[in-house]
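# no sequence for this one, just the structure:
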């Protein structure tokens, strides 16, 4: 699997991700934004605390998964800690959802190489996801389909990803 550069530490990337959500975006209220910031602050002040995880992720809802995953990802920011983070996240009430969110955040921060291979290999769409990620990077960096002023170098690209 490909290695991509990651310019931020996970906690910095998570914080900048929160700030990148526009204030005009009505999909996130001020109270929800405050809860996300509080989860990051709790991870900084008291990382990997089962009590905090239980408070942030008390049920099987999407907000619980997000808050719990954010807290766990910020509590275990190093690539070598991903396996421990996933194990800790699984201890939440809805551990599957919290661990899924944790893995998504840490995978985005560190790259797929940081995720435990025994877990990634069991994912039924791992090959598809990896192919799509590689192709996205290829499209963004090499433009195999061409651009406005030049033709593409891969004659099969449009067959692979038709632009209708």
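Cool, the structure landed. What you are looking at is a predicted structure, and each value in this text was computed from that prediction instead of being measured.

# if I pick the spatially most central residue of the chain, what's in contact with it?
Using Cα atoms, centre = their mean, the residue of the chain that lies closest to the mean C-alpha position is residue 105, 2.6 Å off. Residues in contact with residue 105 (Cβ atoms under 8 Å, 6 or more residues apart in numbering) are 10, 14, 69-70, 73. Placement of C-beta: from N, CA and C, glycine included.

# And for residue 73?
Residues in contact with residue 73 (Cβ under 8 Å, 6+ apart) are 10, 14, 43, 85, 101-102, 105-106, 109.

# Could you double-check that residue 71 sits in contact with residue 53?
Yes. Counting by Cβ atoms under 8 Å, residue 53 is a contact partner of residue 71 at 6.1 Å.

# which is the next helix or strand following the lowest-mean-pLDDT helix or strand in the chain?
Here the helix or strand of the chain ranked lowest by mean pLDDT, DSSP states H and E is helix 10-20, holding a mean of 72. Sequence-wise, the next helix or strand downstream of helix 10-20 (DSSP states H and E) is helix 30-45.

# Please name every helix or strand in contact with that following helix.
helix 10-20, helix 50-56, helix 62-75 (3 or more Cβ pairs under 8 Å, 6 or more residues apart in numbering; DSSP states H and E).

# Report the angle between it and helix 10-20.
Helix 30-45 runs at 170 degrees relative to helix 10-20, counting by axes from the mean of the first three to the mean of the last three Cα atoms, to 10 degrees.
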